[in-house]
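Let me see the structure of the following:
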Amino acid sequence: PAIEAELIANGCSVDRHLPSILKLCVRSKTKLGLFCLDQRHFYQHHGVGVDVVETVRKFGVKTASIQHGGTRQDAVQGLASSVSDVILVWGERIYRELQAQYQVAPERLRIVGNHLHDRIPKIDPEQVRAQIQQLAPSFRTQGKKVVLLATCLHSEYVNRDNEQEAYRQYIQHLYASLDFSQVCLIVKMHPADSVAPNLYAQYLPEAVQNSVLILDPSQTQLDIYSLLLVCDLLVTRASTVAEEALMLGKSVVAFDLDQSGPSSAYLHLKEYGQFRIVYQDPAIALCETVLSALETPVDLAQDVTADMTYRLDGRSCDRAVDALLNLLKTDDDRKSLLSPIESRPTEIASELCQ
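Sure thing, here's the model as predicted:
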């Protein structure tokens, strides 16, 4: 409801039913549908998006899908099953994999970057540090490396019988593995994580409280991009934040309880030298890996930015808009992109009207 209210406040018309969505089909040559829920093989609730795309295309409405989710294999597989005419992708890695692994025709793909990253070049790290000190005057960072924890304690072990115990083990092992004489820790809670109880605060040792800053979901002044710019190391488990840290030249430690955890979906990030995966056993592994990562210079030989978000130039949204306008203006024959029945919109429109 909150998202719907925000959309309406920004001038959007929100329709819930397919008959009203079919208004798109009036003067179809002037219409374009942009979707992120049009994948056959990902989330079950994408089905309604698939239905809408396939219906409006029969009337000649052009459609585009925009990537959501990062480079993990199931996300790429889902994106490959998008049914829209054109797919807007963030970076070169997805662009390559969609063609090589899933035979998506290159003429259906446009690399535009992630529009959410457009604000990154505008962030002033010094202002971020000042905000942190203003928010938490007792938080001590002087002379210490900054470790950022960005993960979640609400869903990543949901299939385990001991789910809550797994979260307790995770956070306690992390706290025990950090040398707080050398590092300070910023915890960026996931918006869906519980604040009652707040497990991050509940298991925080009293002796290190001045070296740990916990930002709960209500504290929105400091977003994840701002925090990434001022940290020296990211600790996560399974999230696109790992990809974003890499593209910003940060070292990443993916800490998981064991090899069956959600970090297994991010093994491909080992291709980028500053990414490491570590598990709870042996007990010393996380401590040693964090220290090693903090001491090892980041190797930027590989262009992570191009792979993840094309360019960090603040113009990804512009490129996406340009791609959509070009698609809308294109009068080329679309038969190569459509199935035989879908390439006869006039006939089908007549049939549906009857």
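
K250 is in contact with L228, correct?
Yes. The pair L228 and K250 passes the contact test of Cβ atoms under 8 Å, sitting 6.3 Å apart. Bear in mind the C-beta positions are built from the backbone N, C-alpha and C, glycine included.

what residues do those two have in common as contacts?
L234 (Cβ atoms under 8 Å, 6 or more residues apart in numbering).

Could you list the buried residues of stretch 131-138?
Residues of stretch 131-138 classed as buried by neighbour count (16 or more other Cβ atoms under 10 Å): I132, A136.

Just give the nearest non-adjacent residue to L229, would you?
P125 (4.8 Å; Cβ to Cβ, 6 or more residues apart in numbering).

For that neighbour, report the pLDDT, please.
On the pLDDT scale, P125 is placed at 96.

ok so, going back, L228 and K250 - which one has more neighbours?
Neighbour count, other Cβ atoms under 10 Å: between L228 and K250, L228 has more, with 23 against 20.

The host helix or strand of that one: how far from the chain's middle?
Element membership of L228 [criterion: DSSP states H and E] is helix 224-230. Distance of helix 224-230 from the chain centroid (Cα atoms, centre = their mean, to the nearest Å) equals 15 Å.

Please identify the pairing partners of the next helix or strand along the chain from it and their relative orientation?
Later in the chain than helix 224-230, the nearest helix or strand by DSSP H and E is strand 233-236. Taking DSSP bridges as the criterion, strand 233-236 forms sheet pairs with strand 145-149 (parallel), strand 251-256 (parallel).

residue ranges with poor pLDDT in the stretch 201-350 of the chain?
Scanning the stretch 201-350 of the chain for pLDDT under 70 picks out 300-302, 331-350.

so where do the helices sit in it?
224-230, 240-247, 285-295, 304-309, 316-329, 345-353 (DSSP state H, counting those that start in this stretch).

And the helix or strand that contains R96, how far out from the chain middle?
Per DSSP H and E: R96 is located in helix 92-100. With Cα atoms, centre = their mean as the basis, helix 92-100 stands 17 Å off its chain's centre.

Good, we can wrap up now.
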